[in-house]
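Asks: When you get a sec, could you give me coordinates for this:
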Amino acid sequence: MKSKNLSEKILRSVKSKGYKYIELPSVIEANHILQRSGENFRKFMFSFTDINGKELCLRPDLTIASCLRYLEKNLKGKEKIFYSGQAYRKVQRKKDKIIRNQIGFEILGSKNEKHDDKEIIQTSLKTLQNIKFSSGTLTIGNVEIFNLLISKIDIPLRWKLRLSRHFWREKYFNDLLKRLKTNSDVDPTIVEIDKKRYLKMAKDDTSRVIAGRSVNEILKRFDNKIKDPRRASTGKNISKIIQNFLKIKCPINRAAFELNKFFKKNKINLVVDQGYFPLSNSKVSKLNVIFSASFGRELEYYTGIVFKIDIKSKNKTYRILNGGRYDRLISDLGSKKQIPAVGAAFNLT
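Replies: I've put the predicted structure just below:
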């Protein structure tokens with residue numbers, strides 16, 4: 001869905017809500033992406049080396065380019081900004097597009113997080129009025145609630161960190177749940193074997209590298225497993241609880257009720273209220289508004305509210321907009337302190 005007229009209407013609509021237009025660089029340093037996303041992300045990047053030997057890349061994501069701007073200009077306080085342009089990313093399927101045309105808008109550096117979440121969604125809804133469609137769905141998730149659940153369940157800390165870190169990698173996350181369910185990695189009998197390995201390796205040269213890790217690193221991991229084991233029955237039960245949590249899907253006005261019913265049933269010391277969600281109405285204009293506990297698994301930098309809008313036009317369904325909160329992104333990119341951030345982007349390709 002792309003036209004110059006539509007782009008201009010969306011830009012005017014966003015500007016009318018008090019956002020300031022900025023220009024973003026098309027080329028950024030590759031290490032900014034790799035440091036926070038790892039070498040696995042390299043396969044998606046269009047990168048090259050300049051005459052000084054510095055690795056650069058075409059921006060694969062406008063949000064990252066915007067957050068880098070905030071960081072590099074040493075900006076302080078609240079900024080309401082918007083921008084337009086293209087993001088470039090290699091694809092693995094022929095039907096996917098290499099170039100994505102987007103219009104994005106963000107609120108950075110503001111501590112009024114709940115208000116800002118609502119404002120970003122209201123801006124999205126207002127701007128959507130420029131687009132003709134017959135029906136649609138606004139899906140809302142919340143990564144913070146998932147992390148709260150993980151913090152309350154009875155599993156070792158290393159597993160809590162692992163599940164939270166890899167929530168966005170759906171296939172790998174599901175593999176982790178299978179491992180958690182079988183418990184083969186920390187079964188008590190395995191822990192006893194680990195203890196023997198630990199004692200033997202402790203006598204070795206700790207700087208020696210084995211399979212890409214130093215002996216010292218391996219010893220630390222063994223130490224954690226030995227001090228913090230879990231029983232087989234626990235892993236199986238916890239895996240089931242997480243899987244059932246991710247199945248929760250309901251109209252947004254029932255989100256808090258359904259979540260609290262789930263927490264109570266599974267004896268989890270956690271209560272949420274409707275304030276966790278920026279909307280309470282299950283119908284807004286032509287959109288059905290739903291909550292999905294599993295939504296938010298497409299980008300790793302989301303930390304709180306996440307949402308998307310899918311619309312139906314001429315018998316086709318389009319993902320027209322994505323958004324969410326990413327409070328750790330600017331600090332991941334190099335800031336010494338955490339900067340609150342929330343935003344959304346229209347997809348016009």
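Asks: Now residue 262: which helix or strand?
Replies: In this assignment (DSSP states H and E), residue 262 forms part of helix 255-265.
Asks: And the next helix or strand past that helix?
Replies: Scanning forward in sequence from helix 255-265 by DSSP H and E, the next helix or strand is strand 283-284.
Asks: what's near enough to touch residue 66?
Replies: 22, 24, 81, 83, 104, 106, 108, 343 (CB atoms under 8 Å, 6 or more residues apart in numbering). C-beta: built from backbone N, CA, C; applies to glycine.
Asks: among those, which ones are buried?
Replies: The neighbour-count criterion (16 or more other CB atoms under 10 Å) marks 24, 81, 83, 104, 106, 108, 343 among the contacts of residue 66 as buried.
Asks: Distance check, the second one against residue 68.
Replies: As judged by CB to CB, to the nearest Å, residue 81 and residue 68 stand 13 Å apart.
Asks: What of the last one?
Replies: If you measure residue 343 against residue 68 using CB to CB, the figure is 14 Å.
Asks: what is the mean pLDDT for stretch 305-312?
Replies: For stretch 305-312, mean pLDDT rounds to 94.
Asks: Surely residue 344 touches residue 120?
Replies: Yes: counting by CB atoms under 8 Å, residue 344 does reach residue 120; the two are 5.4 Å apart.
Asks: any common contacting residues for those two?
Replies: Overlap of the contact sets of residue 344 and residue 120 (by CB under 8 Å, 6+ apart) consists of 105, 106, 323.
Asks: For the last one, grab the count of nearby residues.
Replies: Residues contacting residue 323 under the criterion other CB atoms under 10 Å number 26.
Asks: for the first one, same thing?
Replies: Neighbour count for residue 105, taken as other CB under 10 Å: 30.
Asks: hmm, back to that, and of the shared contacts of residue 344 and residue 120, the nearest to residue 18?
Replies: Each of the shared contacts of residue 344 and residue 120 was scored against residue 18 by CB to CB, and residue 105 proved nearest at 10.2 Å.
Asks: what about the closest one, which SS state?
Replies: Here residue 105 takes the strand state, with states given by DSSP: H, G, I helix; E, B strand; the rest coil.
Asks: show me the contacts for it.
Replies: With contact set as CB under 8 Å, 6+ apart, residue 105 has these partners: 14, 17, 19, 80, 81, 82, 83, 120, 123, 343, 344, 345.
Asks: these two touch, right, residue 49 and residue 56?
Replies: Yes: between residue 49 and residue 56 there is a contact at 7.3 Å, judged by CB under 8 Å.
Asks: which one of these two has more residues nearby?
Replies: The residue with more neighbours, out of residue 49 and residue 56 and counting by other CB under 10 Å, is residue 56; that gives 15 against 10.
Asks: Can you flag the buried ones in the contacts of residue 105?
Replies: The neighbour-count test (16+ other CB under 10 Å) applied to the contacts of residue 105 identifies 14, 19, 80, 81, 82, 83, 120, 123, 343, 344, 345 as buried.
Asks: Isn't residue 309 up against residue 124?
Replies: Yes: with contact defined as CB under 8 Å, residue 309 counts as touching residue 124 (6.7 Å).
Asks: center of this structure - which residue?
Replies: residue 302 (3.0 Å; CA atoms, centre = their mean).
Asks: Spatially, what comes nearest to that residue if we skip its sequence neighbours?
Replies: Nearest-residue entry for residue 302: residue 324, 4.5 Å, with adjacent residues in sequence omitted and distances by CB to CB, 6 or more residues apart in numbering.
Asks: Who is that neighbour paired with across the strands?
Replies: residue 306, residue 343 (DSSP bridges).
Asks: Distance of it relative to residue 63?
Replies: Between residue 324 and residue 63 the computed distance is 10 Å (CB to CB).
Asks: Could you export the longest helix that the chain contains as PDB, CA atoms only?
Replies: Secondary structure of the chain per DSSP state H: the longest helix is helix 113-128. Output in PDB follows, covering the C-alpha atoms of helix 113-128 (Å, rounded to 0.1, in the frame of the first residue of the first chain):
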ATOM      1  CA  GLU A 113       5.200   6.100  30.200                       C
ATOM      2  CA  LYS A 114       1.500   5.200  30.500                       C
ATOM      3  CA  HIS A 115       0.500   8.500  29.000                       C
ATOM      4  CA  ASP A 116       3.000   8.200  26.200                       C
ATOM      5  CA  ASP A 117       1.800   4.600  25.300                       C
ATOM      6  CA  LYS A 118      -1.700   6.000  25.000                       C
ATOM      7  CA  GLU A 119      -0.600   8.900  22.900                       C
ATOM      8  CA  ILE A 120       1.300   6.800  20.400                       C
ATOM      9  CA  ILE A 121      -1.700   4.500  19.900                       C
ATOM     10  CA  GLN A 122      -4.100   7.500  19.600                       C
ATOM     11  CA  THR A 123      -1.800   9.100  17.000                       C
ATOM     12  CA  SER A 124      -1.800   5.800  15.200                       C
ATOM     13  CA  LEU A 125      -5.600   5.600  15.200                       C
ATOM     14  CA  LYS A 126      -6.000   9.300  14.100                       C
ATOM     15  CA  THR A 127      -3.500   8.800  11.200                       C
ATOM     16  CA  LEU A 128      -5.300   5.600  10.200                       C
END
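Asks: for it, packing partners?
Replies: When contacts are defined as 3 or more CB pairs under 8 Å, 6 or more residues apart in numbering; DSSP states H and E, helix 113-128 packs onto helix 4-15, strand 99-108, strand 305-313, strand 316-325, strand 341-347.
Asks: elements contacting the next helix or strand after that helix?
Replies: Scanning the chain past helix 113-128 towards its C-terminal end, the next helix or strand to appear is strand 135-142 (assignment: DSSP H and E). The criterion is 3+ CB pairs under 8 Å, 6+ apart, and the helices and strands that strand 135-142 contacts are strand 287-292, strand 305-313.
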